[in-house]
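[1] Here is the input, now give the coordinates:
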Amino acid sequence: MIRKTVANVTDALVGVQDGMTFMLGGFGLCGIPENAISELVKLGVKDITCISNNAGVDDFGLGLLLQKHQIKKMVSSYVGENDEFERQMLSGELEVELTPQGTLAEKCRAAQAGFPAFFTPAGYGTEVAEGKEVREFNGKMYILEEAFKADFAFVKAWKGDATGNLIFKGTARNFNPCMCGAATITVAEVEELVPVGELDPNQIHIPGIFVQRIFEGKNYEKRIEQRTVRQK
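    Below you'll find the predicted structure:
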């Protein structure tokens with residue numbers, strides 16, 4: 001049995017280098033790989049390309065990498081609540097490739113499944129379609145989108161075992177599953193690492209074949225992006 005556990009986040013990120021392309025799971029601040037992001041900041045890698053739905057907020061998550069100007073390019077579908085992301089994009093400091101959200105997810109899933117490209121109607125007739133092949137199917141126009149190519153995928157799961165099987169919890173089951181196996185190396189950080197055989201096979205969302213390294217994360221903050229409470 002192949003065991004994929006590593007001792008900590010430092011061991012999990014061995015091989016990370018400047019100029020690489022990373023996928024990072026999460027939606028806003030939900031289900032983001034907090035430990036991996038913190039380690040990327042600590043390592044000081046630069047000129048990186050990040051594929052993520054958005055960049056969270058200014059002082060947390062990918063916002064920490066933006067503050068250090070470690071990101072050269074963001075491939076996202078939403079600028080979100082990150083003022084620094086918006087500032088760097090408008091000033092030209094940061095290259096941004098805005099992608100329809102469904103297309104972003106499918107470009108991950110296509111890479112995971114080994115498909116080089118796919119046709120989608122999303123973005124036809126807009127700037128998204130510029131420079132891309134266009135074809136008609138059954139009277140409807142589609143554009144060709146290529147699958148992502150990434151060096152590392154960093155995902156966050158609720159539970160995992162030593163062989164890399166993963167279970168996601170609630171809304172954290174967002175972009176994380178489709179990014180598993182969509183890069184050369186997938187690193188999964190989990191809240192709880194359990195012995196092999198403890199996970200119910202019927203509850204596993206991602207089988208271990210899509211994961212190369214797994215470790216139990218520490219000190220999760222799980223911040224709320226926008227806290228809204230009822231007035232007294």
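[2] Show me what the helix or strand hosting residue 89 is packed up against.
    Following DSSP states H and E, the helix or strand that holds residue 89 is helix 83-91. Counting contacts by 3 or more C-beta pairs under 8 Å, 6 or more residues apart in numbering; DSSP states H and E, helix 83-91 packs against helix 62-67. Using the backbone N, CA and C atoms, a C-beta is placed for each residue, glycine as well.
[3] if you set the cut-off to 6 Å instead, what comes out?
    For helix 83-91, not one helix or strand is in contact under the criterion 3 or more C-beta pairs under 6 Å, 6 or more residues apart in numbering; DSSP states H and E.
[4] Quick one: residues in contact with the next helix or strand after that helix.
    Per DSSP H and E, the first helix or strand lying C-terminal to helix 83-91 is strand 95-98. Applying C-beta atoms under 6 Å, 6 or more residues apart in numbering, the contact partners of strand 95-98 are 73, 74, 75, 89.
[5] same question, stretch 65-72
    Stretch 65-72 is contacted from outside by 46, 47, 48, 50, 84, 85, using C-beta under 6 Å, 6+ apart.
[6] ok, the fifth one touching residue 58?
    Yes - with contact defined as C-beta atoms under 6 Å, residue 84 reaches residue 58; the gap is 5.0 Å.
[7] which residues of this protein fall in helices?
    Along the chain, counting by DSSP state H, helices occupy 9-12, 34-43, 62-67, 83-91, 101-113, 176-179.
[8] Looking at the ones you listed, spot the one closest to residue 149.
    Checking those against residue 149 by C-beta to C-beta gives helix 101-113 as the closest, at 7.0 Å.
[9] and that closest one, what does it pack onto?
    Contact analysis of helix 101-113 by 3+ C-beta pairs under 6 Å, 6+ apart lists helix 176-179 as its packing neighbours.
[10] Who are the packing partners of the helix it packs on?
    Right, helix 176-179 is packed against helix 101-113, strand 152-161 by 3+ C-beta pairs under 6 Å, 6+ apart.
[11] Residue 51 is in contact with residue 23, isn't it?
    Yes - judged on C-beta under 6 Å, residue 51 makes contact with residue 23 at a distance of 4.6 Å.
[12] ok, back up a step: what mean pLDDT does the helix holding residue 89 have?
    The pLDDT scores in helix 83-91 average 91.
[13] any residues touching that helix, and which ones?
    So helix 83-91 is contacted by 55, 58, 66, 79, 94, 96 (C-beta under 6 Å, 6+ apart).
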